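Novice: Test case, fold it:
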Amino acid sequence: ARVFEADTLTVYAGFIDALSHAAVPDPDDDSDQGPVDDRSNPSYERAGIRTDRDVRDQVVHDDKSVAAHRKIGFTTVHAAPRGRMLPGRTAVLLLAGDNVGEMTLRTDQAQMFQFTGASGVYPGTPMGIMAQMRQLFREADRRMQVEAMYEQNPAGMSRPPSDAVHDALFPVIGREQPVFVFTDDVLEIHRALDLAGELDFDMVLAGAYEGFDAVDQIVAAGVPVALTVELPDEPDWMDDIKQDSLQYLIDNYDPDTRTATWRDIEAEKHNLEAKQLLARREYLGSPARFADAGIPFAFATKDVDAGDVLDNIREFVKNGLSKDDALAALTVNGAAVLGLSASMGSVERGKMANLVVSDGDLFEEDSHVRMVVVDGRIFEISQKNGGRGGREANGETAGRN
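Specialist: Model prediction:
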């Protein structure tokens, strides 16, 4: 056993990423998007329908994103495949291991769905994607029923058709496996909720950009959320203005301002700036609104640079999210969303040895991750060149306890 002097340190349960591309590097090419003979009826692969694919086929165990996520406290990630409409099956990975097998904690965690159309072929639009989803589910449901009838009494029946794409949906149809539906805006949130209700599958709403405009609908649906930690870019003009001046713009915002003559241009400019500020604050306040509404949510880093994650969560805290709720979104809520509460999410006897050790409150800007423990494997993090929260951390040594 190793003993550490920890009287000035803070220990957290290992952070859990509810949906991530950690260990899943972006492919160098898009070779599956070439020309086809019939654009209205492409192959499933060309259409971006890969329900039969395991994300572990894309995982690179020593990809730089693994260390980058670990250095900011993540010990476990829900790895999402890259692709289009239905890119494949997800898996839960530990961020330690000398190969993909050692990293794998759970396979076939969920199916992944997103409103990303195929290029130049059907389905390429949101309407086409939703129509294709309905067709796939109904055909998979029909095949399940035919298979059940055949198994019960095959006499006089032809052997039921079978293919990997539809067969992979059987656990979803049987509600044995959820679908993580990634949404980029409030319209996609409404579409996702409609599809889940119509096709009767268990859904985790992922991304949930602009979720502040759909809080009531999410509450009514009773679905958990894997909430993105991505933030909109801050306009350049904000960099040169003090905080009290920004508040002055907001306090003097007039939604009825009109530009009648050139004399009104300056007032209109300030009004547009105030509108940008209000929209940004509404976005930053989204996690706090979710918490106040009782929506169970965990944080997800899909499409977010690891170096921005802790800073972005700190921005959420500055805009109303309590530190307790922020920590829950990184730990116990992530475990609950993934069905892993029995083994992780809190520091308890008998649970997996996944820990984060920091030199202070990680939701304060002057604190840093000093050590991460992944299933008993210790990674000591050095913070060189003033790395904040792991952003520029470039030293790491590993060992066993």
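
Novice: Mind checking what helix or strand follows the helix ranked longest in the chain in sequence?
Specialist: Longest helix in the chain, counting residues (DSSP state H): helix 126-152. Toward the C-terminus, helix 126-152 is succeeded by helix 164-167 as the next helix or strand (DSSP states H and E).

Novice: Report the buried residues of the helix or strand following that next one.
Specialist: Using DSSP H and E, the helix or strand that follows helix 164-167 in sequence is helix 170-173. For helix 170-173, the neighbour count (16 or more other CB atoms under 10 Å) marks 172-173 as buried. From N, CA and C alone the C-beta is placed, and that goes for glycine too.

Novice: Give me the helices and strands touching helix 170-173, please.
Specialist: helix 126-152 (3 or more CB pairs under 8 Å, 6 or more residues apart in numbering; DSSP states H and E).

Novice: how far is the helix it packs on from where the chain is centred?
Specialist: Put simply, helix 126-152 sits 27 Å off its chain's centre (CA atoms, centre = their mean, to the nearest Å).

Novice: What's the end-to-end length of stretch 24-38?
Specialist: The first residue of stretch 24-38 is 31 Å away from its last residue (CA to CA, to the nearest Å).

Novice: could you give the mean pLDDT of that stretch?
Specialist: The average of the pLDDT scores along stretch 24-38 is 77.

Novice: same deal with stretch 122-139?
Specialist: Mean predicted lDDT for stretch 122-139 stands at 98.

Novice: Pull out the CA atoms of it and give them to me as PDB.
Specialist: Extracted in PDB, the C-alpha atoms of stretch 122-139 (Å, rounded to 0.1, in the frame of the first residue of the first chain):
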ATOM      1  CA  TYR A 122     -31.000   9.600 -48.400                       C
ATOM      2  CA  PRO A 123     -31.500  10.400 -45.500                       C
ATOM      3  CA  GLY A 124     -29.800  13.800 -45.700                       C
ATOM      4  CA  THR A 125     -32.400  16.000 -44.000                       C
ATOM      5  CA  PRO A 126     -34.000  16.000 -40.500                       C
ATOM      6  CA  MET A 127     -37.300  14.900 -42.100                       C
ATOM      7  CA  GLY A 128     -35.600  12.000 -43.900                       C
ATOM      8  CA  ILE A 129     -33.700  11.000 -40.800                       C
ATOM      9  CA  MET A 130     -36.900  10.800 -38.700                       C
ATOM     10  CA  ALA A 131     -38.700   8.800 -41.500                       C
ATOM     11  CA  GLN A 132     -35.700   6.400 -41.800                       C
ATOM     12  CA  MET A 133     -35.700   5.900 -38.000                       C
ATOM     13  CA  ARG A 134     -39.400   5.100 -38.000                       C
ATOM     14  CA  GLN A 135     -39.000   2.600 -40.800                       C
ATOM     15  CA  LEU A 136     -36.000   0.900 -39.100                       C
ATOM     16  CA  PHE A 137     -37.800   0.500 -35.800                       C
ATOM     17  CA  ARG A 138     -41.000  -0.800 -37.300                       C
ATOM     18  CA  GLU A 139     -39.200  -3.300 -39.500                       C
END
